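Engineer: Give me a 3D structure for the following:
(one chain, ligands or ions: 2)
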Amino acid sequence: MEVLMSNWKDVQSIPPNYIFPPDTRPGKISFPNCEDIPVIDLRKIDGHDDRSETIQQIIKACRHFGFFQVIHHGISESLMEEAMSVIREFFQMPGEYKSSYYSTDMNKRCRLYSSSILYEKEPFHFWRDNLTHHCHPLEENIQSWPEKPLRYRDVVSDYSIEVRRFLLTILGLICEGLGLRPGYFEGELTKTQLVSVNYHIPCPDPSLTLGVPEHMDPNIIGMVHQLAVPGLQIFKDGEWFGVKTLPNAFFVIPGLQLKAISNDLFKSPLHRVITHATETRTTICSFLVPSTDVLIEPAAEASGNPPVYKAFTYKEFFAAYTEKGWGAVLESFRQQTPE
Ligand SMILES: O=C(O)CCC(=O)C(=O)O
Ligand SMILES: [Fe+2]
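Structural biologist: Ligands and ions are numbered 1, 2, ... in the order given. I've put the predicted structure just below:
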């Protein structure tokens, strides 16, 4: 069978190896929406009083809610639309062309795959194709990006520059709010920038499949650019909730590295993606990730408490994330408390 789902035609039934066991499948189609997601208006950071209020809102959202959405983030509607449309066009290109980008090699700077990087080994497949590529610095990465559609490189480079600026602005506000030294997140801690596109074709029965497994993000910070087709869900107070973003808003997700740096002050939310019965869903996710050898450690200033984690490199973290999973990874770096 063709691995890339975007090349499948007329899907009438679900192949058995896409049907998850009863304890891990969504089990139903309708979920309540999370109605009280904090909304941050970035226009306000220019005025002094509003700026400190906005910083406090972000810190509160990261501590108590775990995530937030941002409006008036400075990225134009037209650039958002163009990026979404050129990325969707890529997935609609002929199968033969797309297959030339197919790879499950994590060292490739641009890789198109289906389900997960472990496609060959996993017992069940996720209902998605994914295109991931490095974005920063642009000149070292752009040659690896899709050549077609012809506008792809121009549009996505403009988009990724703006996204980087936006995510660093959010981190700058977090830095101020936590009382860290200015520029704490600049440089090696956010050296790698990834664009990760999820493309889910309609699924005949979304109660049986998963678009993206439940996980916490293995990075510093991430954002999701989604349109109206629902799918993203957050686990809160023991239940799964759908999340809807306001028009042209971005959904911001603190990653596990930020949780560690905040000395456990922040949450890194558990989330997943469910599939849709009739519509194709495309999301552009962007992540800032530390370089492999930089040390990540709790910033003592963040909480005033002794560090709860030992310092670790991203390389060590990623090995533990892959081996132990999102739930146990930070535990392996937790400081032993004296008996
Ligand atoms: O596509 C989405 O809505 C979210 C995907 C996600 O959580 C991820 O790629 O880490
Ligand atoms: Fe995620």
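Engineer: Just give me how far stretch 210-230 sits from the chain centre.
Structural biologist: From the chain centre to the centre of stretch 210-230 is a distance of 4 Å (CA atoms, centre = their mean, to the nearest Å).
Engineer: how far away is Val224 from Val163?
Structural biologist: In this structure, Val224 lies at 11 Å from Val163, with CB to CB, to the nearest Å as the measure. All C-beta atoms are positioned from the backbone trio N, CA, C, and that covers glycine.
Engineer: and those two? which has more neighbours close in?
Structural biologist: The neighbour comparison of Val224 against Val163 (other CB atoms under 10 Å) goes to Val163, with 27 against 23.
Engineer: which residue packs closest to that one, ignoring adjacent ones?
Structural biologist: Leaving out its chain neighbours, the residue that sits closest to Val163 by CB to CB, 6 or more residues apart in numbering is Ser286, at 4.6 Å.
Engineer: and that neighbour, what are its bridge partners?
Structural biologist: On DSSP bridges, the residues paired with Ser286 through beta bridges are Val195, Met223.
Engineer: Who are the packing partners of the longest helix along the chain?
Structural biologist: The helix spanning the most residues in the chain, taking DSSP state H as the definition, is helix 152-178. Counting contacts by 3 or more CB pairs under 8 Å, 6 or more residues apart in numbering; DSSP states H and E, the secondary-structure elements packed against helix 152-178 are helix 48-60, helix 77-91, helix 138-141, strand 192-200, strand 221-226, strand 250-254, strand 281-289.
Engineer: Give the buried residues for the helix or strand following the second one.
Structural biologist: It refers to helix 77-91. Later in the chain than helix 77-91, the nearest helix or strand by DSSP states H and E is helix 95-99. Neighbour-count burial for helix 95-99, counted by 16 or more other CB atoms under 10 Å, picks out Lys98.
Engineer: May I have the next helix or strand after helix 95-99 as PDB, with CA atoms only?
Structural biologist: Moving toward the C-terminus from helix 95-99, the next helix or strand (DSSP H and E) is strand 110-114. Provided in PDB are the C-alpha atoms of strand 110-114 (Å, rounded to 0.1, in the frame of the first residue of the first chain):
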ATOM      1  CA  CYS A 110      13.700  18.200   5.200                       C
ATOM      2  CA  ARG A 111      11.700  15.000   5.600                       C
ATOM      3  CA  LEU A 112       8.200  14.000   4.400                       C
ATOM      4  CA  TYR A 113       6.800  10.900   6.100                       C
ATOM      5  CA  SER A 114       3.500   9.400   7.200                       C
END
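Engineer: confidence score at the residue nearest to Val163?
Structural biologist: With respect to pLDDT, Ser286 has a value of 98.
Engineer: What of Pro338?
Structural biologist: In this model, Pro338 is scored at 61, pLDDT.
Engineer: Pipe the helices and strands packed on helix 152-178 into a markdown table and attach distance to ligand 1 per row.
Structural biologist: A markdown table is the format used below for the helices and strands packed on helix 152-178 (distance: least, CB to the nearest ligand atom, whole Å):
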| stretch | distance to ligand 1 |
| --- | --- |
| helix 48-60 | 20 |
| helix 77-91 | 12 |
| helix 138-141 | 19 |
| strand 192-200 | 4 |
| strand 221-226 | 5 |
| strand 250-254 | 7 |
| strand 281-289 | 4 |
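Engineer: so after the lowest-mean-pLDDT helix or strand in the chain, what's the next helix or strand?
Structural biologist: When the helices and strands of the chain are compared on mean pLDDT, DSSP states H and E, helix 300-303 comes out lowest with a mean of 77. Moving toward the C-terminus from helix 300-303, the next helix or strand (DSSP H and E) is strand 312-313.
Engineer: packing partners for the very next helix or strand once past that next one?
Structural biologist: Using DSSP H and E, the helix or strand that follows strand 312-313 in sequence is helix 314-324. Using 3+ CB pairs under 8 Å, 6+ apart as the contact criterion, the neighbours of helix 314-324 among helices and strands are helix 256-261.
Engineer: Quick check, Ser268 in contact with Leu258.
Structural biologist: Yes: using CB atoms under 8 Å, Ser268 is in contact with Leu258, at 6.9 Å.
Engineer: Up against ligand 1, what does the protein have?
Structural biologist: Taking CB under 6 Å from any ligand atom as the criterion, the neighbours of ligand 1 within the chain are Ser196, Asn198, Val212, Asp217, Val224, Gln226, Gly231, Leu232, His271, Val273, Thr283, Cys285.
Engineer: Any idea how many residues pack against the first one?
Structural biologist: Spelled out, it's Ser196. Taking other CB under 10 Å as the criterion, the count of residues near Ser196 is 16.
Engineer: Any regions of the stretch 201-339 of the chain where pLDDT drops low?
Structural biologist: Screening the stretch 201-339 of the chain residue by residue with the criterion pLDDT under 70, one finds the ranges 338-339.
Engineer: follow-up on the earlier one: mind giving me TSV with the helices and strands packed on helix 152-178 and columns for distance to Pro26?
Structural biologist: Compiled in TSV, the helices and strands packed on helix 152-178 are given as follows (distance: least, CB to CB, whole Å):
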stretch	distance to Pro26
helix 48-60	30
helix 77-91	23
helix 138-141	35
strand 192-200	13
strand 221-226	18
strand 250-254	20
strand 281-289	14
